[in-house]
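Peer 1: sequence first, predicted model second:
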Amino acid sequence: MDEKQDLKAAVTIGLRRAALHWLRAGYEVVAGVGALLNEVAESRHSEAAVEETGDTDDGPVRIELD
């Protein structure tokens, strides 16, 4: 009878740990999609700013001194 209880306890613990890992993995996927969407939004925002002002952020700006 003890073997059945031990097996049941081991299965229960294993299922809990598996569920926890699935939740963590799901969170990571959602966080990754959120980061991707954030980068796309930032890219669109910076493109709109360039269209409005004509300024580009292509690197250093050379300033001529007299």
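Peer 2: Now that the structure is in, tell me what you want to look at.

Peer 1: when you work out contacts or count neighbours from here on, use the C-alpha atoms and nothing else.
Peer 2: Noted.

Peer 1: what separation do you get for V30 and N38?
Peer 2: As judged by Cα to Cα, to the nearest Å, V30 and N38 stand 12 Å apart.

Peer 1: likewise for A48?
Peer 2: Taking Cα to Cα, one finds A48 at 15 Å from N38.

Peer 1: residue boundaries of the helices in the protein?
Peer 2: Along the chain, counting by DSSP state H, helices occupy 2-53.

Peer 1: low-confidence stretches in it?
Peer 2: Along the chain, the model assigns pLDDT under 70 to residues 1, 49-51, 53-58.

Peer 1: and if we set it to 50?
Peer 2: Within the chain, not a single segment meets pLDDT under 50.

Peer 1: neighbours of Y27, how many?
Peer 2: As a burial measure, Y27 scores 12 neighbours (other Cα atoms under 10 Å).

Peer 1: before we move on, what about R24?
Peer 2: 12.

Peer 1: tell me who's in contact with it.
Peer 2: With contact set as Cα atoms under 8 Å, 6 or more residues apart in numbering, R24 has no partners.
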